[in-house]
Structures are given as structure tokens and as C-alpha cells.
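> Fold the following and give me the result.
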Amino acid sequence: MKSEDKDNYKLRITNYKSTAKTKNKRKIPKQVRNDTVFVKNSSFSTLRSKRPFTTNYSLLTTHCRYKGVFITATDTEIGKTYISCQIAAALKKAGINCGVFKPVSTGDRLDAKALIKAAKINEKPETVTPIFFKNPMSPYGASLFEGKTFDLRKVQETFKYFTNKYDFTVVEGVGGLLVPLKKNFFVSDLIKSFRFPVIVVARPGLGTINHTLLTIDKLRKDKQKILGIILNGNRNIDDISVKTNAKLIKEFTKLPVWEISWDGK
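I've put the predicted structure just below:
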């Protein structure tokens, strides 16, 4: 990549160093092993670090028992779709056959359209998001309000469709872990059924330590594999907590923590 092009690329995926030891390990494209892969996004920037935001491909693709990752969050409207799109776009650019899947949406299917565009795949929004409710509320609440049911079988069938068709699938959840999908069935239960490792997206500001630790505690009680935590969003310069939140969350959880933000341009 020419040096002048690098100014237009803000999200970096680190060099992949193959650790495959057996025939069962998935082969990674040559360009991922040897090159630094840049994803074009002129309005994406990092904070509190001179290094661009990085994701290690070995975390996402070398575990032969995993064929994807589940993106969850500590709350709604935190940036799950943005992070999911960035990961899908990076993997696509690296030559990996990557699918995207958001099992349920309420209000609209704009997230599904964004995911399809990022992954550059030929799928319909109705396929990427098979369960949809018109009212912007929890899926269970919307199902009661609209007199519909949450079709878990349809979700599982669509999940199998993506994992069979694609080498790797980025799954985006809805809200946080304890958002109810149906009676006595939550997002955390869906994660357990998929058996994918998890990335947690959280806010960078005041209150995020509590929300993030509660989320990590729940995932660990469920014995879920956690790849890391992303603090996503603009940092309020009047919020002094942003100076230490990432450091403290890393200290308490012993997990990788990244901070990223839109620059507002």
C-alpha cells in the first residue's frame, strides 16, 4: 500500500502469524499472514493510544471450533452495528468469506442493510435479520404488543444457513445480555446456543465500569469465551472518568480493552 493511501485508512488489522499445527486449522489467506490490512474509513480514529485500533486475526479465525464472533454490548445505541461492520469489512478485504447475521431487530432493518453493505454479500435484509418487530422496544415486549411470537426455530435455521455458507460469521446482538427475546429467554441464552466467542462493546464515559463489569460477570458465569472489550464513542472532555475507565476495566477484567471513537467529521 502506498504511503499516501494510508492517511485514508484508520482501522488496522494486525499481521496474522499463523499458529496452525494440524490439518483441522482453517487456512488464512496469504495477504492476512504477510501484510497489514487497512480498512477505509476516513472518519474513524483511535484515542489514548498512538497505535490504530487493532484486532488479532488469531483471536477470530484460528480456533477450529469457532466459525464466528458474537458482538454484544452493555446497553443499546452503543455501536454494535458499527463495530460489526468494521470487523466484517476488514475480514472481507482480507479475502475471508465472511457473513453477517443479526437475528432480531425492532423498529427497522437499517442495521441489516449496513451489515450487508460492509460485508459486500448478496443477501436480503430479511435473511440477515429474520425476526423483525415494528415497535422499537425489547423483542419480547414488542411481541406482546404486536401479538406475535419470537420464532426461535427460524433464528436457529438462519444461523445454520450462515455458518454453512460462510467461513466466518459476524453475529450482532440486540441491546445487552439480559434483553428478553421471549418469555424466560434472553440474549445471553442465544449466545450460549450459538457457542461463539464474544466481543463486548461499551460506552467510554461515566458509569461504564459498572455496566461493563456486570456484563463480563454474566458472560463468565455462563462460561462464555470473551475476546475483549471495546469502549466505543466520543469521549466527553468534561467527563474526567474517561481518563481511567479503560485502564481500570482492563485491571478488573484481565481482558484486552480497546478505545475507539468517531471524530465527528
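
> State the number of residues packed around the residue nearest to Val174 when sequence neighbours are not counted.
Spatial nearest neighbour of Val174, chain neighbours left out: Val104 (5.4 Å); criterion: Cβ to Cβ, 6 or more residues apart in numbering. Heads up, the C-betas are built off the backbone N, CA and C, glycines and all. By other Cβ atoms under 10 Å, 24 other residues sit near Val104.

> just Ser84 next, same as before
27.

> switch to numbering from 31
Right, with 31 as the first residue, what we last looked at is Ser114.

> if I read this right, it contacts Ala103, doesn't it?
No: in this structure, Ser114 is not within contact of Ala103 by Cβ atoms under 8 Å, at 10.4 Å.

> For the stretch 81-230 of the chain, give me the ranges with low pLDDT.
81-95 (pLDDT under 70).

> where do the strands sit along it?
Per DSSP state E, counting those that start in this stretch, the stretch 81-230 of the chain carries strands over the ranges 98-103, 128-131, 134-136, 161-163, 198-202, 210-212, 215-216, 228-232.

> thinking again about what came up before, how close does the residue nearest to Val204 get to Pro160?
Plainly put, Val134 is 8 Å away from Pro160 if you go by Cβ to Cβ, to the nearest Å.

> Can you check which residues contact both of the two?
Common contacts of Val134 and Pro160 (Cβ atoms under 8 Å, 6 or more residues apart in numbering): Val185.

> And the helices in the stretch 181-295 of the chain?
182-195, 217-224, 238-251, 275-283 (DSSP state H, counting those that start in this stretch).

> what comes into contact with the first one?
Read it as helix 182-195. So helix 182-195 is contacted by 97-98, 129-131, 133-134, 157, 160-161, 199, 201, 211-212, 215, 220, 223-224 (Cβ under 8 Å, 6+ apart).

> Check which residues of that helix are buried.
Within helix 182-195, the residues that count as buried by 16 or more other Cβ atoms under 10 Å are 182, 185, 188-189, 191-193.

> any idea of the angle it forms with strand 98-103?
Angle of helix 182-195 versus strand 98-103, following axes from the mean of the first three to the mean of the last three Cα atoms, to 10 degrees, is 130 degrees.

> Just the CA coordinates for helix 182-195, please, in PDB.
Output of helix 182-195 as PDB, limited to C-alpha atoms (Å, rounded to 0.1, in the frame of the first residue of the first chain):
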ATOM      1  CA  LEU A 182     -36.500 -19.200  17.800                       C
ATOM      2  CA  ARG A 183     -36.500 -22.100  15.400                       C
ATOM      3  CA  LYS A 184     -36.300 -19.700  12.500                       C
ATOM      4  CA  VAL A 185     -33.400 -18.000  14.100                       C
ATOM      5  CA  GLN A 186     -31.500 -21.300  14.600                       C
ATOM      6  CA  GLU A 187     -32.200 -22.300  11.000                       C
ATOM      7  CA  THR A 188     -30.900 -19.000   9.700                       C
ATOM      8  CA  PHE A 189     -27.800 -19.300  11.900                       C
ATOM      9  CA  LYS A 190     -27.100 -22.700  10.400                       C
ATOM     10  CA  TYR A 191     -27.600 -21.200   6.900                       C
ATOM     11  CA  PHE A 192     -24.900 -18.600   7.500                       C
ATOM     12  CA  THR A 193     -22.400 -20.900   9.300                       C
ATOM     13  CA  ASN A 194     -22.700 -23.400   6.400                       C
ATOM     14  CA  LYS A 195     -22.400 -20.800   3.600                       C
END
